[in-house]
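Student: sequence first, then the predicted structure, then my questions.
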Amino acid sequence: MSTPPAYALTAVHLYPDILNIYGDRGNIIALRYRCEARGIALQVREVTVGDAFDPAECDIILAGGGQDREQRRIADDLQARGPALRAAIDGGLPALVVCGGFQLFGHRYVDHQGGVIPGISVFDLETRHPGPRADRCIGDVILDTPEGEVVGFENHGGRTYLAPGQAPFGRVRRGFGNNAEDGTEGARTANAIGTYLHGSLLPKNPALTDELILLALRRRYGPDVTLPPLADDAERAAHATAARTAERRSRAAG
Amino acid sequence: MNPRLALAVSAGKLAGVAARRAGRGGGTALPGLVAERVDPGLVGHLASQLQRGRVTVSGTNGKTTTSRVIASILEAAGMPYVHNREGSNLMRGLASTLLGAAGPSGAIPRAVHSFGLFEVDEATLPLAVPELRPTVLAFTNLFRDQLDRYGEVDTVFALWSEALAKAPRDATLVLNADDPSVAELASGWAGPVHWYGLEDPSFSTAAAGAADARWCRSCGGSYRYERRYFAHVGLWRCRGCERRRPEPQTAARDVTLALGDAAFAVEGAGSLQMRLTGAYNVYNALAAVAVARVLAVPSSAIIAGVGAARPAFGRQEVVEVQGRRLHLLLCKNPAGANQVLLLLASVGGEGLKVATLLNDRFADGQDVSWTWDVDYEVLAGKVERCWAAGDRAEDMALRLTYAGWPRCDSVVHEPGALIEAILAGSEAGEDIFVIPTYTAMLDLRAELVRIGAAQPFFEAE
């Protein structure tokens, strides 16, 4: 057996000090764990408001969620990075943006008083908050996605509406999804995924994690790169428990 | 006496008797629930009798322990008090406690000389304050808790501000100077404020894990820390405005922590020793000392009361099972869990044996994502053997694997199976550290009671 080539990837965690509310750090932990298990050196760069950063030089982008106050805090900085991020994502840069990060990768977020936070239009969608009296979308989620079954937990006030032609990340089997109406969840453009799911998302969905790693490796090292499989029994058990929990609670709720 | 109140009191007491006959254990919420149906003003009517003063204790972490230390101090001082000791901290729990203290007519004996001491749930505070009309409102800290239940940190802050707007104008706020979110409660408060805080450079850490206050609520500026004790707690200062950590009137110095006890000094009160440990419990005790000073309790009673305080059930309680010492270390949220892990990392030594229990019921928070905000990594290399249990044992096992802990000995749902696994993987005389979420702790404790290792909690009180 020949020694596999030494691969190195750089992940950029956008606004880790600001958008970090629902255990989204777990996504970084999972990427690192699954890279290290295969001898892939993963460098994680934290980029926050005001930091210099060229998306063309990184291999994966991640961003998490935040409260409304926190989204406002990053809005201007994110706007300034918009053209470079869009260009890199059009060129195949893998990205995973969750909740608040997902909303701001669309065209705009309209809060319950009609205030608008502009997004960067990576995804063709907008998010509106239906007002303080509307229930938040909170609970377990099971999705069917092109990468298979994905499990997670959602907790969002805003309702996201995809423009015609914008692909979702998945279809809701259990849970609310983008807007509790049309059965879509998240969005996918090229290799960028936006979603409301935390849990954290990547640890319990190892196939998705590997897909992001593989997309990043192929983009940098060529289309022949493969990923050796890992044992994954702990990941599969946690995934199965989350799916069982979602089914049980969904039955209990009628 | 108000006839409706008397009727409510009788109905509530009857419900309590019926619940106990039906074998529903402590039944701490039912009597209050029933009585409040009859007289919605019940809590206010009963609490107003407690004329010595009424204290509320709120905050994300440390409510129960802080209240218990205050109770222990009042006990040592020989001052009578009414306390929702069994920990039901919602309106119906407050109602049940007051009912229990009242006679059949609704009169509380010795009420004129008694204090009311009420641990109050964060979200219940705006409802409880107009009824209890507290003379002292103590706040411990503000961290993210079960986001699916309480909403975001900003929501809780708004609830507290609403509660303060309804509080008596001359009430005293007892505030943690080291938590900038709690400190902000003093803005716009015209009444007296008593600050408490930690003055011990040896606690300084660079760890900002689980920090939940990053920007000044007055100006939006970011905080810088001259000294950080943990998360967002420390000697803070706003970069954008004049706000900075206030000078505490009650300050702890010379803190020393051991596995089962701790000591610290408070200027003007003396040296204190306690059977609780961890920086978080130093804060809890300090909050209690501050409240006691506001209530003009003599220093001798403060020292005796802090020394006599015992952990609440499941919080640093030690239960012996076939010679193994199980240390139950309740963790309800990332900040609390990080505190327990830091304590084990600093005083637990090497070769630790640790069981973690994760449930996802309503009282635990149905969303288990918070475990990814906890720094289990600080014990990587120090844990020799570990077990995962609870409804979401598999999630816990995965979290520990990714944190660099050894593979779990067993991953089980039932507490009985966990105890068997622990016995199989340990020797008599060993310390086992057990870190459960709230309902997982209740389940485990019930099992420990069933096998005769622990007392039911209402008897252990």
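Tutor: Everything's here; your move.
Student: where along the stretch 151-300 of chain B do the helices fall?
Tutor: B:153-165, B:180-183, B:279-294, B:299-308 (DSSP state H, counting those that start in this stretch).
Student: show me what contacts residue A:7?
Tutor: A:39-41, A:217, A:220-221, A:225 (Cβ atoms under 8 Å, 6 or more residues apart in numbering or on different chains). C-beta here means a position set from N, CA and C on the backbone, and glycine is covered the same way.
Student: quick one on the thing from earlier: closest to residue B:68 out of the helices of the stretch 151-300 of chain B?
Tutor: Nearest to residue B:68, of all these, is helix B:279-294, at 8.2 Å by Cβ to Cβ.
Student: next, the angle helix B:299-308 makes with that closest one.
Tutor: Computed by axes from the mean of the first three to the mean of the last three Cα atoms, to 10 degrees, the angle separating helix B:279-294 from helix B:299-308 equals 150 degrees.
Student: and helix B:279-294, what's buried?
Tutor: B:279-294 (16 or more other Cβ atoms under 10 Å in any protein chain shown).
Student: same check, this time on stretch B:336-355
Tutor: Of the residues in stretch B:336-355, those buried (16+ other Cβ under 10 Å) are B:336-344, B:348, B:352-355.
Student: PyMOL command to pick out the buried ones of the contacts of residue A:7?
Tutor: In PyMOL, this line selects whichever of the contacts of residue A:7 come out buried by 16+ other Cβ under 10 Å:
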select buried, chain A and resi 40+217+225
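Student: closest one of the contacts of residue A:7 to chain B?
Tutor: Nearest to chain B out of these is residue A:40 (Cβ to the nearest Cβ; 15.7 Å).
Student: I figured the closest one was touching residue A:10, is that so?
Tutor: No. Residue A:40 lies out of contact with residue A:10 (Cβ atoms under 8 Å); the separation is 11.2 Å.
Student: and the buried residues of helix B:279-294, which two are the farthest apart?
Tutor: Based on Cβ to Cβ, the longest span within the buried residues of helix B:279-294 runs between B:279 and B:294 and measures 22.8 Å.
Student: circling back: can you name the two of the buried residues of stretch B:336-355 that sit furthest apart?
Tutor: B:336 and B:353 (20.7 Å).
Student: got the residues of the stretch 101-250 of chain A near chain B?
Tutor: A:136, A:138-140, A:153, A:155, A:198-200, A:203-204, A:234-235, A:237-238, A:240-242, A:245, A:249 (Cβ under 8 Å from any Cβ of the partner chain).
Student: please redo it, this time with the cut-off set to 6 Å
Tutor: Residues of the stretch 101-250 of chain A lying near chain B by Cβ under 6 Å from any Cβ of the partner chain: A:138, A:153, A:155, A:198-200, A:203, A:234, A:237-238, A:241.
Student: for burial, what's the neighbour tally of residue A:139?
Tutor: Neighbourhood size, residue A:139 [other Cβ atoms under 10 Å in any protein chain shown]: 18.
Student: domain assignment for chain B?
Tutor: Per the record, chain B has its domains at B:3-308, B:315-450, by automatic domain parsing.
Student: returning to that earlier point: can I get the helices of the stretch 151-300 of chain B in JSON lines with distance to chain A and mean pLDDT?
Tutor: Converted to JSON lines, the helices of the stretch 151-300 of chain B look like this (distance: least, Cβ to the nearest Cβ, whole Å; pLDDT from 0 to 100):
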{"stretch": "helix B:153-165", "distance to chain A": "5", "mean pLDDT": "93"}
{"stretch": "helix B:180-183", "distance to chain A": "13", "mean pLDDT": "96"}
{"stretch": "helix B:279-294", "distance to chain A": "21", "mean pLDDT": "96"}
{"stretch": "helix B:299-308", "distance to chain A": "36", "mean pLDDT": "97"}
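Student: turn those helices into CSV, columns for distance to residue B:408.
Tutor: Shown next, in CSV, are the helices of the stretch 151-300 of chain B (distance: least, Cβ to Cβ, whole Å):
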stretch, distance to residue B:408
helix B:153-165, 32
helix B:180-183, 36
helix B:279-294, 26
helix B:299-308, 38
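Student: residue nearest the centroid of chain B?
Tutor: Nearest residue to the geometric centre of chain B (Cα atoms, centre = their mean): residue B:62, 2.6 Å.
Student: from chain A, how far out is that residue?
Tutor: 22 Å (Cβ to the nearest Cβ, to the nearest Å).
Student: that residue against residue B:140, yeah?
Tutor: Yes. Counting by Cβ atoms under 6 Å, residue B:62 does reach residue B:140; the two are 4.2 Å apart.
Student: give me the residue from the stretch 201-350 of chain B nearest chain A.
Tutor: Counting by Cβ to the nearest Cβ, the stretch 201-350 of chain B gets nearest chain A through residue B:214, at 6.6 Å.
Student: what about that residue, how many residues close to it?
Tutor: 15.
Student: contact residues of chain B facing chain A?
Tutor: Counting by Cβ under 6 Å from any Cβ, the positions of chain B adjacent to chain A are B:147-148, B:152, B:154, B:367, B:369-370, B:372-373, B:394-395, B:397-398, B:401-402.
Student: what ranges in the stretch 101-250 of chain B fall below the confidence cut-off?
Tutor: Scanning the stretch 101-250 of chain B with the threshold set as pLDDT under 70 gives B:146-151, B:205-210.
Student: residue of it nearest chain A, please.
Tutor: residue B:152 (4.6 Å).
Student: quick one: contacts for that residue?
Tutor: By Cβ atoms under 6 Å, 6 or more residues apart in numbering or on different chains, the contact set of residue B:152 is residue A:67.
Student: what do you get for residue A:167?
Tutor: residue A:188.
Student: check residue A:187 too.
Tutor: A:123, A:125, A:166, A:168-169, A:194.
Student: also residue B:348?
Tutor: If you count contacts by Cβ under 6 Å, 6+ apart, residue B:348 has none.
Student: mind redoing it with 10 Å?
Tutor: Neighbour list for residue B:348: B:259, B:327, B:341, B:354, B:379, B:382-383, B:431, B:433 [criterion: Cβ atoms under 10 Å, 6 or more residues apart in numbering or on different chains].
Student: same check on residue B:433?
Tutor: B:259, B:325-329, B:340-341, B:343-344, B:348, B:352-356, B:379, B:383, B:386.
Student: ok, now with 6 Å
Tutor: Contacts of residue B:433 (Cβ under 6 Å, 6+ apart): B:327, B:344, B:354.
Student: what does residue B:31 give?
Tutor: By Cβ under 6 Å, 6+ apart, the residues touching residue B:31 are B:12, B:15-16, B:96, B:99.
Student: and the pLDDT at residue A:150?
Tutor: Here the pLDDT value assigned to residue A:150 is 98.
Student: tell me how far it lies from chain B.
Tutor: 15 Å.
Student: give me the contacts around the helix or strand bottoming out on mean pLDDT in chain A.
Tutor: Lowest mean confidence among the helices and strands of chain A (mean pLDDT, DSSP states H and E): helix A:68-90, at a mean of 92. With Cβ under 6 Å, 6+ apart as the test, helix A:68-90 has contacts from A:15, A:18, A:49, A:55-56, A:100, A:104, A:117, A:120, A:122, A:190, A:192.
Student: likewise for stretch B:180-187?
Tutor: Against stretch B:180-187 from outside (Cβ under 6 Å, 6+ apart): B:139, B:142, B:175-177, B:193, B:213, B:217, B:223, B:236.
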